[in-house]
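Q: Next comes the sequence, and after it the predicted model I'd like to discuss.
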Amino acid sequence: MCMNFDYLVADPTGNITVLITSPYTEETRQDMIRQAFALEPDCEQVGFIMPESDKVIRLEMMGYEFCGNATLSAAAWHAGRLGLEPGEECTRTVISSGADAPLSVRVRRLSEDTYQGTVSMPVPEVSSYRGWPLVRFDGISHIIVPSDAFTPEEAESAIRTFAGELDVPALGMMLCSEYDELINSDSQLSMFTISPLVFVPGSDTVVWEHGCATGSTAIGRYRYSLSGKNSSTEIKQPGGIIRVDAGDGQVFLTGQVRFR
């Protein structure tokens, strides 16, 4: 079914995100998601945004998962829509699917179409799965594995199996080039390179993402769990670099988003 609806395209570190602003019903929701992927071939994920007030916006992702990049994008769009000028800053609250509490996002407008945002992320739980680090948010979990652990085809198959075993709403596999340094609690390395693969069962999508905010947060939080010391970690992904600052009971993610 072909539908007419309004949407915007956000580019947070290459993680191309379509955010639909038109009303929807449960009957039309899946058709809108499928059409968004068709209309924007480089789209990696779809969400729905619904402003609730001048400072609060609601975000619902395609598989009811949580996404840090979409959260940043929703806050930036909302701030710009209500008149934030280049050089100015403001704070927005995002009520997101997959997050058990509202999230605070500090937004700075850099230019006409580019924003920088810092998201106060949910603090995930760190454990292990099959001998690899496992970092769990309420709305998505991430396994951190060595970059050579799987071929791309093996990874795409394995992530479906792992998601079923873990029974999670969404699962990321962060293939890390500096895996040995990452799991070494004494490592002084502060930049890590990842290739993010994300499976969302609710939309049956497996995507090699150009940028993954929650996956980057997982790396930063895992580093903190090893040392117990405040850390600032830069995560290099195909789409660019995200910074994660992790400390006692708090994790902040900083990145940029550009609107097309």
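A: Received the coordinates, thanks. Numbering: from 1, shown residues only.

Q: Who are the contact partners of residue 201?
A: Going by C-beta atoms under 8 Å, 6 or more residues apart in numbering, residue 201 touches 63, 163, 169-170. To be clear about C-beta, it is placed using only N, CA and C from the backbone, and glycine gets the same treatment.

Q: ok, now with 6 Å
A: Residue 201 is in contact with residue 163, counting by C-beta atoms under 6 Å, 6 or more residues apart in numbering.

Q: That one and residue 171, how far apart?
A: 8 Å (C-beta to C-beta, to the nearest Å).

Q: before we move on, what about residue 37?
A: From residue 37 across to residue 171, the span is 20 Å (C-beta to C-beta).

Q: So which of those two has more stuff around it?
A: Neighbour totals were compared for residue 37 and residue 171, and residue 171 leads with 27 against 17 (other C-beta atoms under 10 Å).

Q: For that one, name its beta-bridge partners.
A: residue 141, residue 199 (DSSP bridges).

Q: What pLDDT is listed against it?
A: Per-residue pLDDT puts residue 171 at 98.

Q: and it, how far is that from residue 222?
A: Remark: distance between residue 171 and residue 222 (C-beta to C-beta) = 16 Å.

Q: for residue 31, same thing?
A: For residue 31 relative to residue 222 (C-beta to C-beta), the value is 38 Å.

Q: got the residue ranges for the strands in the stretch 101-250 of the chain?
A: Assigned by DSSP state E, counting those that start in this stretch, the strands in the stretch 101-250 of the chain fall at 103-109, 114-121, 125-129, 132-136, 141-146, 171-176, 191-200, 205-208, 231-237, 240-247, 250-259.

Q: most packed of the ones you listed?
A: Burial of those is given as mean neighbour count (mean count of other C-beta atoms under 10 Å); strand 171-176 ranks first at a mean of 26.

Q: ok so, going back, now for residue 201 and residue 171: what residues contact both?
A: Common neighbours of residue 201 and residue 171, using C-beta under 6 Å, 6+ apart, are residue 163.

Q: quick one, what contacts residue 60?
A: So residue 60 contacts 48, 97 (C-beta under 6 Å, 6+ apart).

Q: In a strand, it, correct?
A: Yes - counting by DSSP: H, G, I helix; E, B strand; the rest coil, residue 60 falls inside a strand.
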